[in-house]
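[1] Output the structure for:
(chains A and B)
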Protein chains: 2
Amino acid sequence: MARAPVLTSQAQDFARWYQEVIAKAELADNGPVRGTMVIRPWGYAVWERMQREVDDRIKATGAQNAYFPLFIPQSYLQREAEHIEGFSPELAVVTHAGGKELEEPVVVRPTSETIVNSFFAKWVQSYRDLPMLVNNWSNVVRWELRPRIFLRTTEFLWQEGHTCHATEADAGAYARRILDDVYADFMESVLAMPVLRGRKTRRERFAGAVSTLTCEAMMRDGKALQMGTSHELGQNFAKSFGVRFSAADGAQNYVWQTSWGVSTRMVGGLIMCHGDDAGLRIPPRLAPIQAVVMVVKDGDGVSEAAAQLVSEFTAAGVRCELDARTDTPFGRRAIDRELKGVPVRVEVGPRELADGTAVLVRRIRGSKTSTPLAGLTEAVTRALIEDQAQLYVEASTRREAATADVSTVAEAAEAAATGWARIDWAALGPEGEAILAEQAISVRCLVRADGRLPDSDDEPGLIAVVGRSY
Amino acid sequence: MARAPVLTSQAQDFARWYQEVIAKAELADNGPVRGTMVIRPWGYAVWERMQREVDDRIKATGAQNAYFPLFIPQSYLQREAEHIEGFSPELAVVTHAGGKELEEPVVVRPTSETIVNSFFAKWVQSYRDLPMLVNNWSNVVRWELRPRIFLRTTEFLWQEGHTCHATEADAGAYARRILDDVYADFMESVLAMPVLRGRKTRRERFAGAVSTLTCEAMMRDGKALQMGTSHELGQNFAKSFGVRFSAADGAQNYVWQTSWGVSTRMVGGLIMCHGDDAGLRIPPRLAPIQAVVMVVKDGDGVSEAAAQLVSEFTAAGVRCELDARTDTPFGRRAIDRELKGVPVRVEVGPRELADGTAVLVRRIRGSKTSTPLAGLTEAVTRALIEDQAQLYVEASTRREAATADVSTVAEAAEAAATGWARIDWAALGPEGEAILAEQAISVRCLVRADGRLPDSDDEPGLIAVVGRSY
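    Sure thing, here's the model as predicted:
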């Protein structure tokens, strides 16, 4: 007996599927102010796990967390010309506070390069203070005309890193280290999302940066999502804000800088990269709950056996929860866990218990297996490892299949209808990029012919990867 | 040879000492917008440790984290009369965004009862959904006329919890559980700060609450600091926002609610409760770095021996750091660690190494002891435990000595010049409270005669604890 589908299928309407899964898996709601969002407990638990994993990696590079204010004087943003030009259409401005009109309006931070640099100018004195590596977890505001939950929201949560270095080479190496060791490593090994590492074209660069490195992922509908960026700022902000240091030889030099960020947008990427018609599929390494032990039906010793399994799994290092809410129909509870993407369900009832088994349901591959209680902990831990790998392989295979090598702008546009196209950057160039832009297709990044991250924007033989994007 | 003091002494000018220690220990800076602050890495590391400890305790009560938006429609705040009256003088208002004037101005959240309740109205349907327990770590804005860093800032970081319960008794029990098991337990066992648990008078209650429970701590200058509060909201917000549930018997009832919060203000409390004329003293259980191994001077095998100690301490569970920056004078490094309040320093140089010893410096009791390398790990872990207790005992003793039992308003005012006074609430009453208020003295809380938290504001025999406050 087929049950009615819980969600619109991805094939039928991907955008609608996305909205529905967010609502039904209780990830988030739209806020009352246009473009804002409420992140509900399950969505926030996913974000907290992301934060923890990213934060550990940021700290391992030597950066320290700090907090910079939400409010920035309007005049600060104007000091770097490209920066203000890029951000001014998106600013939210506080004009009244404490019952009065303010003398100088303050801007709600869209990003913090300006205010951070006003402090770097005080804190950086000598080469001994370098590198100075700080990171800030915070909320930022960019007024969005076409908001889309998690992907483009007026307010979003993120981390923004800001660093000062003595030399251009040090800054470049650090920007790259963040991309590789923090972002790409996290996305590939924890989110199970293959990401393309490349350089943004001038058109797509961060406002105020001299180069932008990016991690791009392919969603299940073939579109690209920019998952995180790491910028070299050169000495642009250092000169605008006077961030100088005395070198070992006594010279006064401007610092070289980087900035970099990932945000709650990654939650949207996770949904659209791994989700299927039954809901989310959360990679086991990320999942706030990796396994849920569900009491199918009450009966002699069932709750005790279920609780015992939870202790065994927990002792084996599995993030685990007991679901003994037998006053709610089992089917509803099972669908809820499926929607929420919990990697493993272990179902126990009187019948299973009598057989000395439980049913092991693996959300990622969709299998159901009766498994002896004795070997269950091992089966669960093995499933978590295998299914983490499985998700990565699936996403890689899909990306591979949906990427075409092309040689003309027309072919690139055609390929971008369903996926990505690879085309010689020398052949495409800024002119071809502008033509594609008219069709809402962009150069996601520039890579080497072998797909790897180039050392500079000027390397010969670069390939442009183009596609539609969120 | 006495060295020049690094800080103004507490006895000479406590307020100045406070500002100086914050600057010199590199905890925080004032932001460019009046009343905002930049929390520097050492200050933020302390806050992160506080967050982790509080967060673990909040989760242990069954609450889950979520995120509610920064921006609240102005109309939401107006729905609860006392609430808007209490907060409207402090609001920051966004009137322009995306280059246009907004149709309805939005308020930057001063607290989130209104917006949270607009969602509870959707999420709470049945008694099965109760209790609903959510917590939000975020930044809030209250425009301050007399800002003071960490204590009263225009923007501050905090957590705010919001809960819905089926009965008044459940709500009351949960508000109290937060006060006891989360706030007081954290403050006493981690911050090593004795706190008085009591009930706020009507005059001091949160705007919109039916009762407010508080944790009050005494600072070294005898003033009180409100460290955290837990409110019973009754059905005030539930009625304003229509938060109803169908009970098991089918009746439609309004929920009973609580809200509760602690903030970066606790960092200010920590500084003023434990700091001394040499700087901060951070309790070992809180300290981001519990022990620093300092290379006094380079020499054969010194760095290796220091690194070895760091591994041994780390293996014993001590949060530990190596300081081998011998290009900076040792005295400067030692003063810096003293200012920052790192609980234990272990100093190793060629001379100590030749003797098979190191110097163990305990910041909290100010002792320096030559200690055999062989027993060092045990000496360090014992020092951390002992000095945690020591700080608590010192603060308790100080509070005890600075609290007087009095019987008239005049005596209460006199005692409040240097500490706290205890006076019968029946004798003082709202009239006496108003008289004291004219002298900037307030009733910090109402307690039982034995100092414990009363069950209600109407218990007979309550004692008012009065004092000046931050």
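
[2] Can you report how many residues lie near A:Thr214?
    26 (other Cβ atoms under 10 Å in any protein chain shown). From N, CA and C alone the C-beta is placed, and that goes for glycine too.

[3] is it fair to say it lies in a strand?
    Yes: according to DSSP: H, G, I helix; E, B strand; the rest coil, the state of A:Thr214 is that of a strand.

[4] Pretty sure it sits against A:His231.
    No: because the distance of 9.6 Å does not satisfy Cβ atoms under 8 Å, A:Thr214 is recorded as not touching A:His231.

[5] average pLDDT across the host helix or strand of A:Leu309?
    For A:Leu309, the host element (DSSP states H and E) is helix A:302-315. The pLDDT scores in helix A:302-315 average 97.

[6] where does the stretch 1-150 of chain A dip in pLDDT?
    The model of the stretch 1-150 of chain A has pLDDT under 70 over residues A:1-3.

[7] please redo it, this time with the cut-off set to 90
    Scanning the stretch 1-150 of chain A for pLDDT under 90 picks out A:1-5, A:77-89, A:145.

[8] ok, which stretches of it are helices?
    In the stretch 1-150 of chain A, the helices defined using DSSP state H, counting those that start in this stretch lie at A:14-24, A:41-60, A:74-77, A:81-87, A:113-123.

[9] And what about the nearest residue in space to A:Asp387 that is not next to it in sequence, helix, strand or coil?
    Spatial nearest neighbour of A:Asp387, excluding adjacent residues (Cβ to Cβ, 6 or more residues apart in numbering or on different chains): A:Ile364 at 3.9 Å. The three-state assignment at A:Ile364 reads coil, by three-state DSSP.

[10] How many residues are close by A:Ile364?
    24.

[11] Over to A:Gln235?
    Using other Cβ under 10 Å, A:Gln235 has 17 other residues around it.

[12] Would you enumerate the residues in contact with it?
    Applying Cβ atoms under 8 Å, 6 or more residues apart in numbering or on different chains to A:Gln235 gives the contacts A:254-257.

[13] Let's see that with 6 Å instead.
    A:Gln235 makes contact with A:Tyr254, according to Cβ atoms under 6 Å, 6 or more residues apart in numbering or on different chains.

[14] Model confidence at it, what's the number?
    pLDDT, read off for A:Gln235, is 97.

[15] pretty sure A:Val210 is in contact with A:Phe237, am I right?
    No: the pair A:Val210 and A:Phe237 does not pass the contact test of Cβ atoms under 6 Å, sitting 10.8 Å apart.

[16] name the helices or strands packed onto the helix holding A:Leu309?
    strand A:291-295, strand A:320-323, helix A:350-355 (3 or more Cβ pairs under 6 Å, 6 or more residues apart in numbering or on different chains; DSSP states H and E).

[17] The shortest one pairs with which strands, parallel or anti?
    What it means is strand A:320-323. strand A:291-295 (parallel) (DSSP bridges).

[18] Could you check the angle the strand it pairs with makes with helix A:302-315?
    With axes from the mean of the first three to the mean of the last three Cα atoms, to 10 degrees applied, the angle from strand A:291-295 to helix A:302-315 works out at 170 degrees.

[19] Using CSV, write down the CA coordinates of strand A:291-295.
    As requested, the backbone C-alpha atoms of strand A:291-295 are provided in CSV (Å, rounded to 0.1, in the frame of the first residue of the first chain):
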residue,chain,number,x,y,z
ALA,A,291,21.0,7.2,15.6
VAL,A,292,17.5,7.1,17.1
VAL,A,293,16.3,4.0,18.9
MET,A,294,12.6,3.9,18.4
VAL,A,295,10.2,1.9,20.5
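
[20] what does that strand contact?
    Under the contact criterion Cβ under 6 Å, 6+ apart, strand A:291-295 has outside partners A:302-303, A:306, A:309-310, A:313, A:318, A:320-324, A:326, A:337, A:342, A:344-347, A:380.

[21] ok, now with 7 Å
    A:302-303, A:306, A:309-310, A:313, A:318, A:320-324, A:326, A:333, A:337, A:342-348, A:380 (Cβ atoms under 7 Å, 6 or more residues apart in numbering or on different chains).

[22] Can you get me a residue count around the residue nearest to A:Gln439 when sequence neighbours are not counted?
    Spatial nearest neighbour of A:Gln439, chain neighbours left out: A:Ala413 (5.5 Å); criterion: Cβ to Cβ, 6+ apart. Per other Cβ under 10 Å, the neighbour tally for A:Ala413 reads 20.

[23] ok, back up a step: highest average neighbour count across the helices of the stretch 1-150 of chain A?
    helix A:113-123 (a mean of 23; mean count of other Cβ atoms under 10 Å in any protein chain shown).

[24] related to what we said a few turns ago, so for A:Val210 and A:Phe237, which sits in the more crowded spot?
    The neighbour comparison of A:Val210 against A:Phe237 (other Cβ under 10 Å) goes to A:Phe237, with 27 against 19.

[25] right, and A:Asp424 touches A:Pro460 too?
    No: counting by Cβ atoms under 7 Å, A:Asp424 sits too far from A:Pro460 to count as a contact (10.4 Å).

[26] Neighbour count for those two, which is higher?
    Higher neighbour count among A:Asp424 and A:Pro460: A:Asp424, with 16 against 7, using other Cβ under 10 Å.

[27] tell me which residues form a beta bridge with that one?
    Here A:Asp424, judged by DSSP bridges, has bridge partners A:Ile463.

[28] what's the burial count for the closest residue to chain B within the stretch 151-300 of chain A?
    Using Cβ to the nearest Cβ, the single residue of the stretch 151-300 of chain A nearest to chain B is A:Glu155, 5.2 Å away. Burial of A:Glu155 is recorded as 23 neighbouring residues (other Cβ under 10 Å).

[29] Many thanks, we can stop here.
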